[in-house]
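Colleague: Using only what follows, build the 3D model:
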Amino acid sequence: MKSFRLLFHISFVCSLYFFNSCSEDQIHTDLSNLNNNIDTLLITDISGFNYKISPDISGYNKLYVGSKEEFTFLSSLFNFSSNGWDTFFDSTVTVDSIFFKVFSGDSLIEDNANLNLYFSTDSIFDESNSLVSELENVVFDEWVGLGIPSVEVVIDTSDTVSTFQETVFKWDIVSLVETITDTSTLYRTFSLLLPSGNGSFFELYSREYSSGSLDPKIEVYYRREIGSNPDSSVVDTLTRIIYVSEDISVIETLENEDNVNHNIFLSRARGSRAILNIPFDSLSLPQYSVIRSANLTLFQSGDSLYNFSVRMDPLKSLPDSGSSIFNVDPYENLGMYFSSATVASNKLQISLKSYFQSILMTDSLINVGLKFSASTSNDLFKSVNFDLNHVNNKLEIFYVSP
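Modeller: I've put the predicted structure just below:
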């Protein structure tokens with residue numbers, strides 16, 4: 001087998017080196033007799049196509065409500081688990097107040113922010129599995145309306161210069177106390193949305209943003225009586241914080257962007273991805289070749305864009321589909337040999353070395369295509385467009401062959 005032969009070849013060279021290094025009377029060998037050749041393979045025949053999935057709305061460190069640029073965020077949703085509420089089932093406990101809080105890094109929000117909070121005991125979403133197409137038509141007519149928040153701007157005054165820390169949105173939800181502290185209530189789902197036609201935009205911190213201090217949360221202030229005699233019992237004033245377990249923003253699905261065939265378009269908010277086809281297989285290089293580098297270079301069309309990160313995933317298989325729009329991504333990743341790189345100087349240069357070397361060494365690994373997508377570290381509102389007809393696009397492979 002090919003992989004066994006290559007392993008034997010490498011093992012032989014390593015053994016020879018080890019023997020020469022450890023022997024008292026070293027044997028001096030002229031390594032030039034191995035006749036290794038350093039060469040370059042240049043591939044410019046690069047093709048590809050776009051496809052679109054329902055935008056991935058989980059795992060972001062920000063939540064959004066309202067309109068920004070061409071994007072509209074219909075709502076942000078929050079789930080609180082059923083754990084932790086048994087504290088309030090105790091007859092000695094009296095809840096004094098209860099608040100729902102979210103946080104923002106925007107210091108210019110006015111106190112009369114028209115951001116409405118709603119509550120439901122239904123299971124509305126699953127952060128990992130729910131699709132935009134399932135959530136963008138949610139109707140809130142039967143939800144409990146809790147109005148607009150009080151807004152507090154937190155300023156750090158510990159230094160000689162006061163600095164902005166965060167803005168706090170706080171809703172008094174004491175009207176829900178019986179429902180929300182009932183241990184038989186399985187779901188506690190909240191939603192933030194704007195009135196129809198409102199042109200505002202709010203950027204909030206999600207549970208992925210911090211280690212807890214700025215997470216969406218419910219704060220409960222309560223008292224517990226200690227002792228059986230009402231005249232002599234001690235009352236403890238306590239606080240319980242319950243952090244959100246799931247949160248997502250629901251973005252309105254956009255129509256397909258007008259994109260010519262020789263361009264590939266990548267966008268998180270649009271759910272736009274691409275498949276690239278590069279003609280490389282186990283026979284593209286001489287037998288036993290070792291790849292020193294294999295860099296794919298693609299050039300962006302239009303204006304320059306910096307700090308946009310692109311992820312490459314080799315495909316496990318290429319499905320037979322005539323469609324380009326999907327709810328769930330049908331192109332399954334191989335699960336290994338992925339890489340990422342950042343656009344700089346109007347071009348992307350990304351390494352394919354690990355994947356292509358494995359193709360040379362493993363008989364069962366076949367290059368069926370490469371998936372390109374916007375990395376989750378990107379600004380949600382940014383996108384990139386690569387011109388596959390650009391004259392400088394290339395895959396350049398430097399390799400050593402025996």
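Colleague: What residues of stretch 150-158 count as buried?
Modeller: By 16 or more other C-beta atoms under 10 Å, the buried positions in stretch 150-158 come out as V151. For the C-beta atoms, the positions are set from N, CA and C on the backbone; glycine is no exception.
Colleague: Same question for stretch 369-381.
Modeller: Under the neighbour-count criterion of 16+ other C-beta under 10 Å, stretch 369-381 has 369-374, 378, 380 buried.
Colleague: Check stretch 322-331 too.
Modeller: So, applying 16+ other C-beta under 10 Å, buried residues of stretch 322-331: 326, 329, 331.
Colleague: Pull the residues that contact the host helix or strand of S249.
Modeller: Counting by DSSP states H and E, the element that carries S249 is strand 246-251. Contact partners of strand 246-251, identified using C-beta atoms under 8 Å, 6 or more residues apart in numbering, comprise 55, 57-58, 60, 62-65, 71-79, 125-127, 130, 132, 135-136, 138, 206-207, 216, 269.
Colleague: Pull out the buried members of those.
Modeller: 55, 57-58, 60, 62-65, 71-79, 125, 127, 130, 132, 135, 138, 206-207, 216, 269.
Colleague: got the angle for the longest strand along the chain vs strand 246-251?
Modeller: Criterion DSSP state E: the longest strand present in the chain is strand 93-104. Here strand 93-104 runs at an angle of 40 degrees relative to strand 246-251 (axes from the mean of the first three to the mean of the last three C-alpha atoms, to 10 degrees).
Colleague: Report all helices and strands that strand 93-104 contacts.
Modeller: strand 163-172, helix 177-180, strand 201-205, strand 217-226 (3 or more C-beta pairs under 8 Å, 6 or more residues apart in numbering; DSSP states H and E).
Colleague: Would you mark the buried spots in that strand?
Modeller: Buried positions in strand 93-104, judged by neighbour count with 16+ other C-beta under 10 Å: 93, 95, 98-104.
Colleague: With stretch 346-360 instead?
Modeller: 347-348, 350, 352-353, 355-360.
Colleague: Give me the lowest-pLDDT entry from those residues.
Modeller: For the buried residues of stretch 346-360, the weakest pLDDT value sits at K347, with 90.
Colleague: Would you mind giving the secondary structure of the closest residue to that one other than its chain neighbours?
Modeller: Distance criterion C-beta to C-beta, 6 or more residues apart in numbering; nearest residue to K347, sequence neighbours excluded, is F299 at 4.9 Å. Following DSSP: H, G, I helix; E, B strand; the rest coil, the label given to F299 is strand.
Colleague: quick one on the thing from earlier: can you list the buried residues of stretch 346-360 in a markdown table and add secondary structure and distance to F169?
Modeller: Formatted as a markdown table, those follow (DSSP: H, G, I helix; E, B strand; the rest coil; distance: C-beta to C-beta, whole Å):
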| residue | secondary structure | distance to F169 |
| --- | --- | --- |
| K347 | strand | 42 |
| L348 | strand | 39 |
| I350 | strand | 41 |
| L352 | coil | 46 |
| K353 | helix | 48 |
| Y355 | helix | 46 |
| F356 | helix | 51 |
| Q357 | helix | 52 |
| S358 | helix | 50 |
| I359 | helix | 52 |
| L360 | helix | 56 |
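Colleague: Now distance to S47 too, for those residues, in a markdown table please.
Modeller: Putting these into a markdown table (distance: C-beta to C-beta, whole Å) gives the following:
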| residue | distance to S47 |
| --- | --- |
| K347 | 18 |
| L348 | 16 |
| I350 | 17 |
| L352 | 15 |
| K353 | 21 |
| Y355 | 18 |
| F356 | 17 |
| Q357 | 23 |
| S358 | 22 |
| I359 | 18 |
| L360 | 22 |
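Colleague: Pick the one among those closest to L41.
Modeller: Of all the buried residues of stretch 346-360, L41 sits closest to F356, with 9.7 Å by C-beta to C-beta.
Colleague: The closest residue to the closest one other than its chain neighbours: what's it in contact with?
Modeller: Sequence neighbours aside, A294 is the residue nearest to F356 in space, at 5.0 Å (criterion: C-beta to C-beta, 6+ apart). Contact analysis of A294 by C-beta under 8 Å, 6+ apart lists 351-353, 356-357, 395-398.
Colleague: Which helix or strand lies directly C-terminal to the helix or strand harbouring A294?
Modeller: If you go by DSSP H and E, A294 is part of strand 290-299. Once the chain leaves strand 290-299, the next helix or strand it forms, by DSSP H and E, is strand 309-314.
Colleague: Would you list the strands that the helix or strand that that next one is followed by pairs with, along with their directions?
Modeller: Downstream of strand 309-314, the first helix or strand assigned by DSSP H and E is strand 325-326. Here strand 325-326 is paired, per DSSP bridges, with strand 47-53 (parallel).
Colleague: picking up where we left off before, nearest to R224, of the buried residues of stretch 346-360?
Modeller: I350 (58.6 Å).
Colleague: How about the closest one: what's its closest non-neighbour residue?
Modeller: A341 (4.0 Å).
Colleague: got it, and S123?
Modeller: By the measure of C-beta to C-beta, 6+ apart, the closest residue to S123 outside its immediate chain neighbours is Y187, 4.8 Å from it.
Colleague: before we move on, back to that, dump the buried residues of strand 93-104 into a markdown table; add pLDDT and distance to Y243 as well.
Modeller: Converted to a markdown table, the buried residues of strand 93-104 look like this (pLDDT from 0 to 100; distance: C-beta to C-beta, whole Å):
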| residue | pLDDT | distance to Y243 |
| --- | --- | --- |
| V93 | 87 | 20 |
| V95 | 90 | 18 |
| I98 | 95 | 14 |
| F99 | 97 | 13 |
| F100 | 98 | 12 |
| K101 | 97 | 10 |
| V102 | 97 | 12 |
| F103 | 96 | 12 |
| S104 | 95 | 17 |
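Colleague: Which secondary structure state does the closest residue to T181 other than its chain neighbours sit in?
Modeller: In this structure, T181 finds its nearest non-sequential neighbour in F88, 3.8 Å apart by C-beta to C-beta, 6+ apart. The three-state label for F88, taken from three-state DSSP, comes out as helix.
Colleague: Tally up the residues packed near F88, please.
Modeller: Per other C-beta atoms under 10 Å, the neighbour tally for F88 reads 20.
Colleague: which ones are touching it?
Modeller: 95, 181, 220, 222, 240.
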